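Participant: Here is the input, now give the coordinates:
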Amino acid sequence: EVQLVESGGGLVQAGGSLRLSCVASGFTFADYGIGWFRQAPGKEREGVSWISSSDGDTYYADSVKGRFTISRDNAKNTVYLQMNSLKPEDTAAYHCAAGLVNGMEWDAEYEYDYWGQGTQVTVSS
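Facilitator: Residues are numbered from 1 along each chain as shown. The predicted structure follows:
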């Protein structure tokens, strides 16, 4: 059974930090690019960041560049999203997703095969 399980969300004050984790199982993790997406109430889901399967290429949404860092540990089947300098507008449910994704289409949801259930991030002002 394929699973992606996110953790690490919570309530934090503006300017604070959180580290999200996404643990994968049931597929060959090292073959897949991993993306983080988020969806705030009343808004469409948007791509946050992506990391390639093996060569370390990364992409970030303009809104999080310089504040968020994505990384992966293939030995642990885990991808991390370090989020610093959090803002109230970062409040959303964060989901990780796995797909055989071309980097140029990293934020195209249809490119992803597997999705996690999400973890809530709430940033207070």
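Participant: Find the nearest non-adjacent residue to the spatially most central residue of the chain, please.
Facilitator: The geometric centre of the chain, computed from its C-alpha atoms, lies nearest to Trp36 (CA atoms, centre = their mean), at 2.2 Å. For Trp36, the nearest residue in space outside its immediate sequence neighbours is Val48; the separation is 4.3 Å by CB to CB, 6 or more residues apart in numbering. Placement of C-beta: from N, CA and C, glycine included.
Participant: and Asp31, what are its phi and psi?
Facilitator: Dihedral angles phi and psi of Asp31 (degrees, to the nearest 10) take the values phi -90, psi -10.
Participant: ranges for the strands of this protein?
Facilitator: 3-7, 10-13, 18-25, 33-39, 46-51, 58-60, 68-73, 78-83, 92-99, 114-115, 119-124 (DSSP state E).
Participant: Identify whichever of these lies nearest to Ala108.
Facilitator: Closest of the strands of the chain to Ala108 is strand 46-51, at 8.0 Å (criterion: CB to CB).
Participant: Turn the strands of the chain into a markdown table, columns for mean pLDDT.
Facilitator: Output for the strands of the chain, formatted as a markdown table (pLDDT from 0 to 100):
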| stretch | mean pLDDT |
| --- | --- |
| strand 3-7 | 98 |
| strand 10-13 | 98 |
| strand 18-25 | 98 |
| strand 33-39 | 97 |
| strand 46-51 | 97 |
| strand 58-60 | 96 |
| strand 68-73 | 97 |
| strand 78-83 | 98 |
| strand 92-99 | 98 |
| strand 114-115 | 98 |
| strand 119-124 | 98 |
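Participant: Now tabulate those strands in a markdown table and tack on distance to Trp106.
Facilitator: Shown next, in a markdown table, are those (distance: least, CB to CB, whole Å):
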| stretch | distance to Trp106 |
| --- | --- |
| strand 3-7 | 16 |
| strand 10-13 | 26 |
| strand 18-25 | 15 |
| strand 33-39 | 6 |
| strand 46-51 | 4 |
| strand 58-60 | 5 |
| strand 68-73 | 11 |
| strand 78-83 | 13 |
| strand 92-99 | 9 |
| strand 114-115 | 15 |
| strand 119-124 | 20 |
